Structures are given as structure tokens and as C-alpha cells.
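Visitor: turn this into a structure:
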Amino acid sequence: MSRLHEASQPRSDGSESTVGATGAKAEATKLRAALSSISPISDLSSLPRVPCARGSLLMGMATAAGVAGISLVAGRGLRSGLNWGVGSFCFLGDVQTE
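Guide: This is a model prediction of the structure:
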């Protein structure tokens, strides 16, 4: 995580200080807490209850099949066509449809 957005701050004695290790430790603690809250089995089992999951997954799969098919017909090769299909699924699969 970048700290470029934090400027050095002047102290009362005239010297400058940057936001130090306490901020980095707090961010690391938050990251550890977020990573420990991930449970792949329960997250995937609750996927059907997510409001737009079905539409998004179907949109992503249809787009992936279309892009891969067009790439294969265009003569780009099997591997290239499948890579483009997976890429289109990743980029367009999160589009929310209602």
C-alpha cells in the first residue's frame, strides 16, 4: 500500500516528520483481520443468495464463450482464444444486470 498521499508534517520544533510506523502497523492489523474473515466454503455456499450473482455469472460466461469462439474462428489459435475468453469473463462478469 502506497504512502505517497501522505505529506510530511511540520512539528512544533521546526523539523518535519512523516506519518510513521503506527499507521503501517494499524494497516497491517486491518489487513490481517480482513484476511482472517475470508472463508471460501461459506462464501461460495452463500453465492446464490447474492442479489445479482446469477445474472453476472451468466453474462460473464456468455461473453467468454462468444469472445473465445470469435477468436478461434478468426484463427488466433486455441490458447489465445481461451485466454481472451477468460479475460472477458473476468472483466465483464462483474457487470450487474437487473
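
Visitor: show me what contacts residue 89?
Guide: Counting by Cβ atoms under 8 Å, 6 or more residues apart in numbering, residue 89 touches 60, 61, 63, 64. In short, each C-beta sits where N, CA and C put it, glycine included.

Visitor: tally of neighbours for the first one?
Guide: To tie it back to what came earlier, the one meant is residue 60. When counting by other Cβ atoms under 10 Å, one arrives at 19 neighbours for residue 60.

Visitor: quickly find the element holding residue 76.
Guide: Using DSSP states H and E, no element contains residue 76; it sits outside every helix and strand.

Visitor: can you show me the helices along the chain?
Guide: Here the chain has its helices, by DSSP state H, at 21-36, 40-45, 53-73, 78-92.

Visitor: state the mean pLDDT of the third one.
Guide: If I follow you right, that is helix 53-73. Averaging pLDDT along helix 53-73 gives 87.

Visitor: what do you get for the last one?
Guide: The pLDDT scores in helix 78-92 average 88.

Visitor: re the thing from before, from the contacts of residue 89, list just the buried residues.
Guide: Buried residues within those, counting neighbours by 16 or more other Cβ atoms under 10 Å: 60, 63, 64.

Visitor: closest to residue 37 out of those residues?
Guide: Closest approach to residue 37 among those (Cβ to Cβ): residue 60, at 25.3 Å.

Visitor: not counting sequence-adjacent ones, nearest residue to that closest one?
Guide: Leaving out its chain neighbours, the residue that sits closest to residue 60 by Cβ to Cβ, 6 or more residues apart in numbering is residue 93, at 2.5 Å.

Visitor: got the contact list for the one you found?
Guide: Contacts of residue 93 by Cβ under 8 Å, 6+ apart are 56, 57, 59, 60, 61, 63, 64.

Visitor: picking that back up, nearest to residue 22, of the contacts of residue 89?
Guide: Using Cβ to Cβ, the contacts of residue 89 come closest to residue 22 at residue 60, 41.6 Å.
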